[in-house]
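Colleague: sequence unknown, structure follows:
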RNA sequence: GCCCCUGUCGUCUAGCCCGGUCUAGGACGCUAGGUUCUCAUCCUGGAAACACGGGUUCAAAUCCCGUCAGGGGUACCA
């Protein structure tokens, strides 16, 4: 384990940074990390944190590492680990160092670093940063209960701080179970935050939290510090929900005599309408997988997420990944929480899809058509032709790829289902059934090779029948697609082909007459 | 309860640090119209915000204080 050989106090990169010169740092290696805990899905907010870290690393020529914070063995799952890997890969945010790719500062899962932690915890104890606590869970609970009843701040009362070193050693030797608690010093702790400026807290407001559990397992707040230090992390960029933790962690850095990294606390992402942050139960859109399943282009999602809490200027909306790298800076991150705006995502995604090469659209929509049972897997040659035509016809309307099934269902349907508006279009005039039959009979099959020619013919036919073009178009569209809107009518003709058109026109006439 | 963070159109934001150029800009959405066979796209227009109250100042969205509101934290979770 490389981390073992690193001596305390040596954090090569961090020493040269102050909180104001992140942007000036070019010569020393910047190291940032994304450190999710694999206890569920990958949160959009997590994805944004990963993105911002990645951006900082790319921008400054640094290293972006992934570390799995899996010290809570109760809640970790392998499935969750996989969604993290998948999600990051999908977004193109693969780490430079991490559990999958390895690296010089591994291992990158906290569960595999226990040995390191134990040694370091011992040292922390020797340095007086931590003290043994023999309080039972029961006593802790009753203390808390009383504090609640007295409407007084809930916090460890510090009983075991008073235990003398000799007593403590004796009790430990005696086999009495104990935890290790942070010994918060007197005074005040100041956090220079890249985004928030200086945040200060009186140390009396920092609790003597448990850092090592009964049995010796370390707790998150200790593991992060040990890891960030030994992995040479220079900038800790994470969600604001960690802000209070940071003060505890700062105490640990100081107790160990280590140089503190630079911190930046990102604003939280809030639920679209309701209050509070996104929760999985109430907000499926909290999970990155939700977007993957809906088929948003990852580059669109990245663009959207990037603009959540950060902006380049007062105009810029659409950016390539390269432009993001070029323009990103942590000091343009806003301080206030951002609500998810899914309408904006739809707009942005639609824009990306519209400007995308056609073959990509074809490739992306195919799985959804397969899943819907519209085409075989893999599609037959005929179906492939159809998919291509559908892609051409609907590219301009798609907001995400999964939408293709509702947009183009009519192409693959055996029988046409009429939407309310389409049904109305079939019945607007009493002679519609007759119109549709005459139109079907007149439809010239040879013209199905050329939409323009077919349209020209149809216009003439309408005029000759004494109809406005619209009078023809609306009922025909209804009969052909069952819908009131969609691609150009003659595009529709070509996609369906002559025989299908005639059949649907005739069914449409039936529906119009009934 | 206690600690911390935040507060510009419905939403994301620019502007705030270095007060006047802000009758507060952009985007999404909404809305009126134009183009088109419909929808989408595209074009043109519109409604829409400095949380509130005090200061400081010739002048405040911009500085200070208070209030209110929202958010986060408050575990032998991360």
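Modeller: All right, it came through fine. None of the values given here were measured: they were computed from a predicted structure.
Colleague: show me where chain A dips below the pLDDT cut-off.
Modeller: Low-confidence segments of chain A, defined by pLDDT under 70, are located at A:1-27, A:274-275.
Colleague: repeat that for 90
Modeller: Applying pLDDT under 90 to the predicted model, the residue ranges of chain A that meet it are A:1-29, A:40, A:71-75, A:106, A:144-154, A:271-283, A:427-430, A:467-468, A:512-514.
Colleague: okay, now the nearest residue to residue A:75 once chain neighbours are set aside: neighbour count?
Modeller: The spatially closest residue to residue A:75, leaving aside those adjacent along the chain, is residue A:39, at 4.3 Å (CB to CB, 6 or more residues apart in numbering). Quick note: C-beta positions are derived from backbone N, CA and C, even for glycine. Taking other CB atoms under 10 Å as the criterion, the count of residues near residue A:39 is 13.
Colleague: residue A:39 contacts residue A:72, correct?
Modeller: Yes: taking contacts as CB atoms under 8 Å, residue A:39 lies within contact range of residue A:72: 6.8 Å.
Colleague: I'd like the distance from the helix or strand hosting residue A:473 to the chain centre, please.
Modeller: Taking DSSP states H and E as the criterion, residue A:473 maps to helix A:469-481. From the chain centre to the centre of helix A:469-481 is a distance of 43 Å (CA atoms, centre = their mean, to the nearest Å).
Colleague: counting by contacts, list what it packs against.
Modeller: Helices and strands touching helix A:469-481, as assessed by 3 or more CB pairs under 8 Å, 6 or more residues apart in numbering; DSSP states H and E, comprise helix A:420-427, helix A:432-442, helix A:451-464, helix A:489-496, helix A:498-513.
Colleague: for residue A:346, find the nearest of the ones you listed.
Modeller: helix A:420-427 (21.8 Å; CB to CB).
Colleague: SS state for the residue nearest to residue A:75?
Modeller: For residue A:39, the reduced secondary structure class is coil; criterion used: DSSP: H, G, I helix; E, B strand; the rest coil.
Colleague: measure it to RNA strand B for me?
Modeller: Distance from residue A:39 to RNA strand B, counting by CB to the nearest atom of the strand, to the nearest Å: 7 Å.
Colleague: spell out which parts of the stretch 51-200 of chain A neighbour RNA strand B.
Modeller: For the stretch 51-200 of chain A, the contact set with RNA strand B under CB under 7 Å from any atom of the strand comprises A:69-72, A:74-75, A:110, A:135-137, A:140, A:144, A:151-155, A:177, A:179, A:196-197, A:199-200.
Colleague: restricted to helices, list those.
Modeller: Counting by DSSP state H, the part of these found in helices is A:137, A:140, A:144.
Colleague: count of neighbours near the second one?
Modeller: A count of nearby residues for residue A:140, using other CB under 10 Å, gives 16.
Colleague: out of everything not next to it in sequence, what's closest to it?
Modeller: Using CB to CB, 6+ apart and skipping the chain neighbours, the partner closest in space to residue A:140 is residue A:156 (7.3 Å).
Colleague: surely the one you found touches residue A:181?
Modeller: Yes: at 7.0 Å, residue A:156 and residue A:181 qualify as touching, with contact defined as CB under 8 Å.
Colleague: if we can go back for a sec, winner for burial among the helices and strands packed on helix A:469-481?
Modeller: Counting by mean count of other CB atoms under 10 Å, helix A:489-496 has the highest mean neighbour count of the helices and strands packed on helix A:469-481, with a mean of 20.
Colleague: what is the orientation angle of that one with helix A:469-481?
Modeller: Between helix A:489-496 and helix A:469-481, the angle formed by their directions is 20 degrees, by axes from the mean of the first three to the mean of the last three CA atoms, to 10 degrees.
Colleague: could I get the full set of helices for the stretch 251-400 of chain A?
Modeller: Per DSSP state H, counting those that start in this stretch, the stretch 251-400 of chain A has helices spanning A:288-294, A:298-306, A:321-327, A:342-354, A:358-371, A:381-394. These are given in chain order.
Colleague: closest one to RNA strand B among those helices?
Modeller: Put simply, out of the helices of the stretch 251-400 of chain A the one that sits nearest RNA strand B is helix A:342-354, at 3.4 Å, with distance taken as CB to the nearest atom of the strand.
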